[in-house]
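Peer 1: Please find the sequence and the predicted model below.
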Amino acid sequence: MAFLEIRDLRKSFHEVDVLKGIDIAIDEGGFLVLVGPSGCGKSTLLNTIAGLETITAGEIRINGRPVNDLHPSQRDIAMVFQSYALYPNMNVAENIAFGLEMRGVSKPEREAAVGRVADMLQIDHLLKRRPGQLSGGQRQRVAMGRALVREPQVFLFDEPLSNLDAKLRVDMRTEIKKLHQALGTTIVYVTHDQIEAMTLATQIAVLKDGILQQVGTPDQVYASPANVFVADFMGSPTMNLVPGNVQSANGTTSVRIGAVDLPIAEPTEALRARAGQDVVFGVRPEDVTDVASADRSARYVETVDCNIDVVEPTGADKFVVTRLGEKEFTARVRSSERIAPGDRVPLAFNMDKVHFFDPQTEMRIN
Amino acid sequence: MSAASNDIALRTGVITRVAIFAVLILFAVYYLLPLFVMLVNSVKPLEEIRSGNMLALPEVFTIAPWINAWGEAQIGVQPTGLSPYFVNSIMMVVPAVFIATFLGALNGYVLTKWRFRGHRIVFGLMLFSCFIPFQIVLIPMARILGLLGIAGTTWGLVLVHVVYGLGFTTLFFRNYYDAFPSELIRAATIDGAGFFRIFRRILLPSSGPIIVVTVIWQFTNVWNDFLFGASFADFDSQPMTVALNNLVSSSTGVKEYNVHFAGAILAALPTLVVYVVSGRYFVRGLMAGAVKG
Ligand SMILES: Nc1ncnc2c1ncn2[C@@H]1O[C@H](COP(=O)(O)OP(=O)(O)OP(=O)(O)O)[C@@H](O)[C@H]1O
Ligand SMILES: [Mg+2]
């Protein structure tokens, strides 16, 4: 049975439905990342798990125990907030020990626990300082320390890294991952950042307007997005999504995009059934490359000559923007490739990694 | 901000600056003159005041008027001076300030961090109470004090001042706590702290500046109040302001101006002390907040 189970969770503020029936289950030791655009209900979902918000309907179970009616302090969870929420009038040691103090843990035990956590997070030298005297990264550590010291069953993180600068964010990300591997505690983690989601998660849940779009491993979510929204949301630069039309002639199925006809090697039943119909064709920029760097393990590669409009070097690669069926289309080429705007070059499409969506429902066509 | 004012100071010419200072000094003199007159005349014998110039420094220095005002002047029946009434005022002010500040803080806390249905209306009504003229409540208040059996007592006055001060103290604390991050409350909730523990351990320690503001406000108002004191107090609970009035207006025979001046200064002294002492903490509190950002 799953360790953290959320069943048909609904939450309304007055008349506004913010969460509209969420079902998530996560195993013990799992790392669930909630992603989605601003205002989709990520924090609200996290707060309902914490018990900071009451729920309108549904059930939340932690380790088999329904926690709906339990006070936040009795759910055996710990939370790290976006603003860190360190108590400004207490020093670091007092901040970390506060939760233990409230639980009536004796002073020597509290001190030992604080020492242990400070050691783990390398903040021993900061214990006597006030939060106002710490840098952003140090505050972040203290906030984690405050959660760690409680040794809860579930950690909840609400965008813990979003206030840090880019470099520190990457460092702390690695550290959180290490911490998770060392402790093995179940984590629910909210973020805007889909790279954070991909690197940290064992399970990603993509949320939009209070509705769960897809739950799966990072690989599933990335390689087989359930709908146009997920396809567009995960990945940077974003997936190319262009309108196309499924064609069927002489036993071969292809997708027609503007003037280009891309044969589909092993079309699925569902796709063949759509012959003559419009679809949304999707392919990630990294799956459209210069011919020399086409994926060698790919079974089917189609080459198409394209006019290049824009070239964007990133250092490691170059992204080139072309047009396909009157829509902008991004491809990734080696940085050594000499391409200038206006050139006409062959681009290799990895046809193993193309996606089709229904233009009306926007759902994936398998 | 300081950069901007430097800028202005650089650009204004000498003449302008002289004019500005002249006006400032003029107003300072204007405001300080009454205090000067009171001080100077409170240490002169009565004859010197009557025969001489009010603005002149004393020829014969005496503290007899002060001793008289404090302990000997005839107020009411006994020649007690102002001292018992000073004690009355203290007995009234201290609980009135303490209770109104504490309840205001609690109200502000509830109205921002434990919102309930209709919290806006409750706050609106409390705000409204700030604008009710004193005179309107005199009769209903007298009736309520009578019903409670505390008419004419110091505790009756405390109740009146707490009720009247609550609107303002609530307003102060509500606005202050509104800017207080709610995530701190949530963190403390998860840590297992309850309603009062969060208030005492998290909110109150960060409330220094607003407590000082509220205490100054409430202390000044209660101490200086005359109307409620005159309306609701008995002889043995009359505050300083009422006693001062009695001293000045009711004494038969010669008007002892020097004693009156000394009494007036005595009556004003506590508010002055509160400003001087806590005003500094007030500024310090504001600065600390500003630097931390
Ligand atoms: N207390 C509240 N009362 C009314 N509406 C609320 C309340 N809290 C949140 N909402 C609404 O619920 C929706 C979801 O909010 P939530 O904070 O969960 O978004 P989020 O996904 O965390 O966004 P972000 O990424 O910007 O943090 C928003 O539309 C918000 O306006
Ligand atoms: Mg949020």
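Peer 2: That came in fine, so what should we check first? Ligands and ions are numbered 1, 2, ... in the order given.
Peer 1: what's the following helix or strand after the one helix or strand in chain B whose mean pLDDT sits lowest?
Peer 2: Lowest by mean pLDDT, DSSP states H and E among the helices and strands of chain B is helix B:2-11, with a mean of 53. Next helix or strand after helix B:2-11 toward the C-terminus (DSSP states H and E): helix B:14-42.
Peer 1: what's the closest non-adjacent residue to A:T238?
Peer 2: A:D232 (5.5 Å; CB to CB, 6 or more residues apart in numbering or on different chains). The C-beta positions use only the backbone N, C-alpha and C, and glycine is treated the same way.
Peer 1: no, scratch that, I was asking about A:H355
Peer 2: The nearest residue in space to A:H355 (CB to CB, 6+ apart) is A:G282, at 3.9 Å.
Peer 1: tell me which element that neighbour falls in.
Peer 2: For A:G282, the element it lies in under DSSP H and E is strand A:278-283.
Peer 1: Any regions of the stretch 1-150 of chain B where pLDDT drops low?
Peer 2: Confidence mapping of the stretch 1-150 of chain B against pLDDT under 70 gives the ranges B:1-11.
Peer 1: Three-state assignment for the closest residue to ligand 1 within chain B, please.
Peer 2: As assessed by CB to the nearest ligand atom, ligand 1 sits closest to B:R115 within chain B, at 9.3 Å. Classification of B:R115 by DSSP: H, G, I helix; E, B strand; the rest coil places it in coil.
Peer 1: B:F128 too?
Peer 2: When classified by three-state DSSP, B:F128 comes out as helix.
Peer 1: quick one: buried residues of the lengthiest strand in chain A?
Peer 2: Under DSSP state E, the strand in chain A containing the largest number of residues is strand A:301-313. The neighbour-count check on strand A:301-313 (16 or more other CB atoms under 10 Å in any protein chain shown) flags A:V301, A:E302, A:V304, A:C306, A:I308, A:V311 as buried.
Peer 1: Just the buried positions in stretch A:52-71, please.
Peer 2: Per 16+ other CB under 10 Å, stretch A:52-71 contains these buried residues: A:L52, A:E53, A:I55, A:G58, A:I60, A:R61, A:I62, A:V67.
Peer 1: Please read the previous query as pertaining to stretch B:141-154.
Peer 2: Residues of stretch B:141-154 classed as buried: B:M141, B:A142, B:I144, B:L145, B:I150, B:A151, B:G152, B:T153, B:T154 (neighbour count, 16+ other CB under 10 Å).
Peer 1: For the residue of chain A positioned farthest from its centre, give me its contacts.
Peer 2: Most distant residue from the mean C-alpha position of chain A: A:N250, 42.2 Å away (CA atoms, centre = their mean). By CB atoms under 8 Å, 6 or more residues apart in numbering or on different chains, A:N250 lies in contact with nothing.
Peer 1: packing partners for the helix or strand just after the strand holding A:G282?
Peer 2: Next in sequence after strand A:278-283, counting helices and strands by DSSP H and E, comes strand A:288-290. Strand A:288-290 sits against strand A:327-334, strand A:344-350, with contacts defined as 3 or more CB pairs under 8 Å, 6 or more residues apart in numbering or on different chains; DSSP states H and E.
Peer 1: sorry, back to before: so can I have a markdown table of the buried residues of stretch A:52-71 showing secondary structure and distance to A:K318?
Peer 2: A markdown table is the format used below for the buried residues of stretch A:52-71 (DSSP: H, G, I helix; E, B strand; the rest coil; distance: CB to CB, whole Å):
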| residue | secondary structure | distance to A:K318 |
| --- | --- | --- |
| A:L52 | coil | 47 |
| A:E53 | coil | 47 |
| A:I55 | coil | 49 |
| A:G58 | strand | 48 |
| A:I60 | strand | 47 |
| A:R61 | strand | 50 |
| A:I62 | strand | 48 |
| A:V67 | coil | 51 |
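Peer 1: and which of the residues you listed is nearest B:L32?
Peer 2: Nearest to B:L32 out of the buried residues of stretch A:52-71 is A:L52 (CB to CB; 56.0 Å).
Peer 1: How much space separates that closest one from B:L145?
Peer 2: To B:L145, A:L52 is 44 Å away according to CB to CB, to the nearest Å.
Peer 1: residue boundaries of the helices in the stretch 151-293 of chain B?
Peer 2: Assigned by DSSP state H, counting those that start in this stretch, the helices in the stretch 151-293 of chain B fall at B:154-178, B:182-191, B:195-198, B:208-224, B:227-232, B:240-250, B:257-292.
Peer 1: Just give me the residue closest to the centre of chain A.
Peer 2: A:A197 (3.2 Å).
Peer 1: gap between that one and ligand 1?
Peer 2: Note on A:A197: its distance to ligand 1, by CB to the nearest ligand atom, to the nearest Å, is 13 Å.
Peer 1: Same question for A:L9.
Peer 2: Taken as CB to the nearest ligand atom, the span from A:L9 to ligand 1 is 13 Å.
Peer 1: so that residue touches A:T44, yeah?
Peer 2: No - here A:L9 lies out of contact with A:T44, judged by CB atoms under 8 Å, at a distance of 9.9 Å.
Peer 1: quick one: common contacting residues for the two?
Peer 2: Shared contacts of A:L9 and A:T44, defined by CB under 8 Å, 6+ apart, are found at A:L19.
Peer 1: hang on, the residue nearest to the centre of chain A packs against A:T217?
Peer 2: No - using CB under 8 Å, A:A197 is not in contact with A:T217, being 11.3 Å away.
Peer 1: anything in contact with each of the two?
Peer 2: A:I204.
Peer 1: Please enumerate the helices of chain A.
Peer 2: A:42-50, A:92-102, A:107-121, A:136-148, A:166-183, A:194-200, A:218-223, A:228-233, A:269-272 (DSSP state H).
Peer 1: With distance to B:I63 and mean pLDDT added, can I get those helices in CSV?
Peer 2: Converted to CSV, those look like this (distance: least, CB to CB, whole Å; pLDDT from 0 to 100):
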stretch, distance to B:I63, mean pLDDT
helix A:42-50, 67, 94
helix A:92-102, 52, 94
helix A:107-121, 56, 93
helix A:136-148, 59, 91
helix A:166-183, 68, 90
helix A:194-200, 76, 91
helix A:218-223, 86, 95
helix A:228-233, 83, 95
helix A:269-272, 105, 89
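Peer 1: mind putting those helices in TSV, distance to B:S237 included?
Peer 2: Shown next, in TSV, are these (distance: least, CB to CB, whole Å):
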stretch	distance to B:S237
helix A:42-50	53
helix A:92-102	44
helix A:107-121	48
helix A:136-148	52
helix A:166-183	64
helix A:194-200	68
helix A:218-223	76
helix A:228-233	72
helix A:269-272	91
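Peer 1: Spell out which parts of chain A neighbour ligand 1.
Peer 2: Applying CB under 6 Å from any ligand atom, one finds that chain A approaches ligand 1 through A:F13, A:V16, A:V18, A:G36, A:S38, A:G39, A:C40, A:G41, A:K42, A:S43, A:T44, A:H192.
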